[in-house]
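> Can you look at this prediction? I've put the sequence above it.
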Amino acid sequence: MRRTQKIILVALTMILLLGATPVFTEIEGKWKGTGTGNCHPHPGMIIFPWSVWEGKVYVSEDENITILEGEWKDELGNHGTFQGRFLLVSSSPDERICTGRWTWFDPTVNTAEPVFGGKFRMVFHPEEAVCEGNWTSIWVSSGAIGTMEGQKVN
């Protein structure tokens, strides 16, 4: 009886350790895409976040979580960054969901640090190597939600 309990305990520990690691190797790598929508961070100023974006999905060694991070730019010279974390669960086994925040390098502020622009949610489809999502802004925008789509490039 004691031996069976040990085997069960070891098996449960392994299951918990493996289940606690949100490693999605099928989506790791470089991703590129485009987006729609705009916002007005200052009167008379318009930016088009996520117009063209490029990011990388990787596993953070120190936190052991899967991360998406990258940069976006628009045709007016505006640019920023984004970073998100993948959720452990999704509504479908064929999806990987990432939520995070995006920033903008405000040229009116004398700092090298970007300012917080809003949040995003991206859904990755590993089998098709594509993704789509939406973003919101803290600033007034022409539409309530901007969109983005992309594909894995390596």
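Structure's in. What do you need?
> C-alpha from now on. contacts and neighbour counts both.
OK.
> which secondary structure elements does the longest strand along the chain contact?
The strand that spans the most residues within the chain, counting by DSSP state E, is strand 115-125. Under the contact criterion of 3 or more CA pairs under 8 Å, 6 or more residues apart in numbering; DSSP states H and E, strand 115-125 touches strand 96-104, strand 130-135.
> Turn those into TSV, columns for mean pLDDT.
Rendered in TSV, the data for the helices and strands packed on strand 115-125 read as follows (pLDDT from 0 to 100):
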stretch	mean pLDDT
strand 96-104	97
strand 130-135	97
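> between the ones you listed, which one is nearest to Gly150?
strand 130-135 (5.2 Å; CA to CA).
> what about stretch 130-146, start to end distance?
Taking CA to CA, to the nearest Å as the measure, stretch 130-146 stretches 18 Å from start to finish.
> List the buried residues in that stretch.
Residues 130-137, 141, 145-146 are the ones in stretch 130-146 that count as buried (16 or more other CA atoms under 10 Å).
> Cool, thanks, talk later.
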